[in-house]
Structures are given as C-alpha cells and as structure tokens.
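Undergrad: based on what follows, work out the 3D shape:
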Amino acid sequence: MSVGLVALVACRNTETVAPQATVFFVLDAPFCSTKIPAEFLIDNVQVGTDTFRVRLPPDHITSRAFTTSPGQHVLRARHLNGYVWASRNVALVAGQAFPDSLPFYCS
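TA: Modelled structure (predicted):
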C-alpha cells in the first residue's frame, strides 16, 4: 500500500509541459567563403548569436535550435556588421521545426 501511495504522490507532482516549436536559422550564401557573425531575434527579443563559417573549415551554416511557443511569431536576423535580413512572419505549430533561410550575397 505504501508503494501505491508513493506512486500517487509522484504522479501528482509531475507537470505537463506543452509541446514547443523550434526555429533554427540557416545561412544561404553560395558564393561566399567567409565568417559571418549574426544575432537572432524572435518577436524582437534576441535569442542568440552565432558566427557562420561558409566554406571555411569547419563549415557552419545552421544555428542551434531555439524553442518558442506555438503560434504567430516574427523571426529576424542581423549581421553584426550592419546588414539586416528581412523579417519573416510565421505561424508555428507544436512540435514543428522551422528553418529560417537567410540569403546572403558575397561579391
């Protein structure tokens, strides 16, 4: 009986976590060979920074994943040297992984 009571108490303390959506930023710079520092924003809140490495070992063109709630969001990214990518309005669903493509042209 005491084992059943412990199990009941343990179950009552378990919180249900709502499924989140995930966003990651992917640099699309096919003609570059450079480092590109960037910061990432969701709903005008900075969620992270990273330095993309394009055609430089080790290649790194995808940011880490950022979790957010399901629903409407505005995704933005800025190159730390001034370039600002266009904002993207997205409707995310629970469990979705959304890649935000960041086009960049190097001359």
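Undergrad: any weak-confidence spans in this structure?
TA: Along the chain, the model assigns pLDDT under 70 to residues 1-15.
Undergrad: all the helices of it, residue numbers only.
TA: If you assign secondary structure with DSSP state H, the helices in the chain sit at 2-12.
Undergrad: as a check, name the ranges of all strands in it.
TA: Along the chain, counting by DSSP state E, strands occupy 21-28, 34-42, 45-54, 66-68, 71-79, 88-92, 97-103.
Undergrad: which strands or helices does the fifth one pack on?
TA: Same thing as strand 71-79. Contacts of strand 71-79 with other secondary structure elements, assessed using 3 or more Cβ pairs under 8 Å, 6 or more residues apart in numbering; DSSP states H and E, are made with strand 21-28, strand 34-42, strand 88-92, strand 97-103. Glycine gets a C-beta too; all of them are placed from N, C-alpha and C.
Undergrad: now render those as JSON lines, adding mean neighbour count and distance to residue 65.
TA: Formatted as JSON lines, the entries for these read as follows, by neighbours: other Cβ atoms under 10 Å; distance: least, Cβ to Cβ, whole Å:
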{"stretch": "strand 21-28", "mean neighbour count": "18", "distance to residue 65": "5"}
{"stretch": "strand 34-42", "mean neighbour count": "17", "distance to residue 65": "11"}
{"stretch": "strand 88-92", "mean neighbour count": "14", "distance to residue 65": "13"}
{"stretch": "strand 97-103", "mean neighbour count": "15", "distance to residue 65": "7"}
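Undergrad: follow-up on the earlier one: output the strands of the chain in CSV, with distance to residue 60 appended to each entry.
TA: Converted to CSV, the strands of the chain look like this (distance: least, Cβ to Cβ, whole Å):
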stretch, distance to residue 60
strand 21-28, 9
strand 34-42, 9
strand 45-54, 4
strand 66-68, 16
strand 71-79, 15
strand 88-92, 21
strand 97-103, 13
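Undergrad: re earlier: dump the helices and strands packed on strand 71-79 to TSV, plus distance to residue 67.
TA: Supplementary listing: the helices and strands packed on strand 71-79 in TSV, determined by distance: least, Cβ to Cβ, whole Å:
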stretch	distance to residue 67
strand 21-28	5
strand 34-42	10
strand 88-92	10
strand 97-103	10
